[in-house]
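Visitor: quick one, fold the following:
(chains A and B)
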Amino acid sequence: MKKQVYIYKRFERFWHWAQAALITLLAFTGFEIHGSFSVLGFDNAVQVHNVSAILLMVLIVFAIFWHFVTGEWKQYIPTYHKLLEQIRYYTYGIFHGAPHPVHKTVRRKMNPLQVITYLGLKLVFIPVMVFSGILYMLYRFMYEGEVYTLEWFSLDSLAFWHTLGAYLLVQFVIIHVYMTTTGVTLTENIKAMITGYETLEDEHEVPSEEKVSQSKKQTVNA
Amino acid sequence: MKKNIAIVILINVLVVAVFHLFWEDMGASKAEQKVSKLKEQLKKEKKSVVDHSKFEVLQQEFDRPEEVTKACISCHQERHKEVMESNHWNWEREEYIEGRGVTYLGKKNLLNNFCIGATGNEQACAKCHVGYNYQKNNKFFAKEENVDCLACHNGSDEYVKNGGWGKPHENVNLTEIAQGVGTPTRANCGTCHFFSGGGNNVKHGDLEMAQLDGDRELDVHMGLDGGDMSCTECHTTENHQMKGKMYSVSSENTNRASCEDCHSGPVHNQAMLNTHTEKIACQTCHIPEYAKENATKMTWDWSTAGKLKDGKPYHTEDADGNHDYLSIKGSFTWEKNVKPEYVFFNGTADHYVLGDKVDTLAPIQVNTLHGSYADGKIIPVKVHRAKQPYDPVHQILIQPYTYNPEKGSGAFWTDFDWVKASEIGQEKLGLPFSGEVAFANTEMYWPLNHMISPKEKSVSCQECHTRSADGRLASLEGFYMPGRDNDNDLDTMGTWLIILSLLGISVHATVRIMFYFRRQRG
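Guide: Down below sits the predicted model:
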């Protein structure tokens, strides 16, 4: 049986779309700073890039807080369970109209492949971008009217890692956007991220009573 | 749901905008305050001077300029001794140069790539020396009455030092001029520093007569509607020792006049700009171009000099009315509104010193500005390129004897004989001469410090932060600059990553669609 489930909370959706907007801005202005094209003008690009970067970092802090307070971080515990099935689905099953090997539930919003991707994103990609970005931003900084330089990094190595990250990010966005079309219908996933509600299969493995008691437990822990 | 997205986007835009404005405003008020404080100070500094016409000692007929000097000294006792210790008098400085040790260098014994050199040609060149009677060389520098007070302190434009050997023209009314003396004005300094090299704006490119009555578009400091400042307000002077110097003749990183003398601390609204000052001199962004009013000489080819028409020297002019050929000097090119070239400079310089052996594989560096990313700052320079006489046997630059109006004296400007002029010139300096005259390419570097443009005209970010080969800093090496530099391998890899990703999803999507329709049919 299928039913409408409230799967993405208000903050989660805000976080997702704010992050999407900021990352788009950052990528666009970032590649302008990199010299790939000239649209806003270098100085405007730098200003927008820096302000967006600070806003994104604030957002990340809130997101980390939210994940821990709500216990949502557990969504990111990686698992091999059905990982191969998931890969097989994307490379074979999907063409033949096979059912998704893993059913989305409120407790398990991501399939094992998504878990690995997003965990990597959060543990490797974002830290590399944030830290190389902060160091880039502070490579020369003012303190009480004096200019200081971070001597222990060369700007070109920082630029290398930051640019490498940017290319990977563009690649991620391309694939990410495409993957949203692999839901039950083409737009189901995007709709869910906008409204919060998604049409999900009733959960077979977990009886609904147990689910309720677990979610209660979580609330108590929080 | 569309409402939600709109709200999120709106909040983002608002936060960015507010952040931006707040940031700008805080800094802006601080920077504005600083500049207006300086402007207040400038107003206060303009004070009146005494009326010299009322002094009895100056109410006499002066036959000789030396008598004026004596009259000056009778009140301003011992001040002439200060002058006699100054660079304006000695035309040389004691300075330490890496690789040469302590040296005594200056106009007296250095070459340039304009009129080449003063020594031996003082009959003409001494018109820019603060003394009279330069020909009596040995005694000259000891004789106090030879000090020319009027060169810097005369208050009229009648005082012209073209009487030979640094003396004023005989028609000059010395009494009138002595009674009109005062603090040096832009015109006083400009008489030599605007017209050096034999004409207006020939040498510097950023110092010329338009600055006598220009506007702030030309020069924010000297402009009549700008600071209307005199030279000595920055080149402050104590005991006749001027602050500041030019690296055409100077070598050490001492006694420099700098922007920071007045514009101290963080001077920009944005921290980003303030951090730039670590590696970039103020002039680099604030002198977007030089020779803004009248053209400056960019090249000088001595090898074409000496052509005569009907046995007489002649000249031709370019479209703007500047000489582009003179029989006595050769061919020139002039340019207006010139974009500077840029170098790293640490405040020390070396020079081609008379007698230095050099080959001509690369242009001979008449002066060398030292500095790199590690120890210097980027400064704007005018580079003057020339072809000038060179002794290919001894491998030294030649300083020819150029000025002597008497026919048969051997001076090039009169007799047009390179060999004879070189022989006499080199002999006067005690240098060998092989009898052969070739012409070598030379380069001379002139740091630009004047003609600061209003801040709106400053060099914009993307003029340097660009991949374009025309970028202002395209040729500077040794550092990574965002917008200019990139890792080609990384960019190639990144581009392929994106192409392959797009290709990948296209293929995946196509296969999905194909199978979808097959299923529908089947």
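Visitor: list the contacts of the nearest residue to residue B:427 once chain neighbours are set aside.
Guide: Excluding the flanking residues, the one nearest residue B:427 by CB to CB, 6 or more residues apart in numbering or on different chains is residue B:433, at 7.1 Å. No exception for glycine: its C-beta is placed from N, CA and C like everyone else's. Counting by CB atoms under 8 Å, 6 or more residues apart in numbering or on different chains, residue B:433 makes contact with B:391, B:394, B:398, B:422-423, B:426-427.
Visitor: who are the contact partners of the residue of chain A found nearest chain B?
Guide: Closest residue of chain A to chain B, CB to the nearest CB: residue A:167 (3.2 Å). Taking CB under 8 Å, 6+ apart, we find residue A:167 in contact with B:490, B:493-495, B:497-498.
Visitor: and chain A, which of those residues reach it?
Guide: B:490, B:493-495, B:497-498 (CB under 8 Å from any CB of the partner chain).
Visitor: now, which of those residues lie within strands?
Guide: Among those, no residue falls in strands (DSSP state E).
Visitor: going by distance to chain A, which of those residues wins?
Guide: Using CB to the nearest CB, the ones next to chain A among the contacts of residue A:167 come closest to chain A at residue B:494, 3.2 Å.
Visitor: so where is the chain shaky, pLDDT-wise?
Guide: Just so you know, I chose chain A. Scanning chain A with the threshold set as pLDDT under 70 gives A:1, A:202-222.
Visitor: that answer is for a different chain, and I need it for chain B
Guide: Ranges of chain B meeting pLDDT under 70: B:1-9, B:12, B:16-29, B:45-48, B:136-138.
Visitor: chain center to the longest strand belonging to it, what's the gap?
Guide: As assigned by DSSP E, the longest strand anywhere in chain B is strand B:377-391. Strand B:377-391 sits 11 Å away from the centroid of its parent chain (CA atoms, centre = their mean, to the nearest Å).
Visitor: which element follows it toward the C-terminus?
Guide: strand B:396-397 (DSSP states H and E).
Visitor: what's that following strand in contact with?
Guide: B:111, B:352, B:354-358, B:364, B:388-391, B:431-432, B:440, B:442.
Visitor: mind checking which of those land in strands?
Guide: Short answer: those in strands (DSSP E) are B:364, B:388-391, B:440, B:442.
Visitor: now, which of the residues you listed sits nearest residue B:223?
Guide: residue B:442 (34.2 Å; CB to CB).
Visitor: surely the closest one and residue B:363 touch.
Guide: Yes: contact status for residue B:442 versus residue B:363: in contact at 5.7 Å, counting by CB atoms under 8 Å.
Visitor: what's the overlap in contacts for the two?
Guide: What both residue B:442 and residue B:363 touch, as defined by CB under 8 Å, 6+ apart, is the set residue B:385.
Visitor: with neighbour numbers in mind, choose between the two.
Guide: residue B:442 (26 against 16; other CB atoms under 10 Å in any protein chain shown).
Visitor: relative to chain A, how far out is the more buried one?
Guide: 35 Å (CB to the nearest CB, to the nearest Å).
Visitor: which residues touch that residue?
Guide: B:113, B:352, B:363-366, B:385-388, B:397.
Visitor: I'd like those as a markdown table, with distance to residue A:111 appended.
Guide: Rendered in a markdown table, the data for the contacts of residue B:442 read as follows (distance: CB to CB, whole Å):
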| residue | distance to residue A:111 |
| --- | --- |
| B:113 | 75 |
| B:352 | 75 |
| B:363 | 68 |
| B:364 | 73 |
| B:365 | 68 |
| B:366 | 73 |
| B:385 | 69 |
| B:386 | 74 |
| B:387 | 76 |
| B:388 | 78 |
| B:397 | 79 |
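Visitor: contacting residues for residue 149?
Guide: Went with chain A since none was named. Counting by CB under 8 Å, 6+ apart, residue A:149 has contacts A:139-140, B:278.
Visitor: wrong one, chain B
Guide: Residue B:149 neighbours (CB under 8 Å, 6+ apart): B:68-69, B:72, B:80, B:83, B:181.
Visitor: nearest residue to residue B:239 in space, please, no chain neighbours.
Guide: Closest to residue B:239 by CB to CB, 6+ apart is residue B:82, at 4.5 Å.
Visitor: can I take it that that neighbour is in a helix?
Guide: Yes: applying DSSP: H, G, I helix; E, B strand; the rest coil, one finds residue B:82 inside a helix.
Visitor: if we can go back for a sec, out of the contacts of residue A:167, which is most surrounded?
Guide: Neighbour max across the contacts of residue A:167 (other CB under 10 Å) = residue B:494, 21 neighbours.
Visitor: tell me how many other residues crowd residue B:224.
Guide: Residues near residue B:224, counting by other CB under 10 Å: 14.
Visitor: likewise the one 5 residues further on?
Guide: By the criterion of other CB under 10 Å, residue B:229 has 18 neighbours.
Visitor: brilliant, that's me finished.
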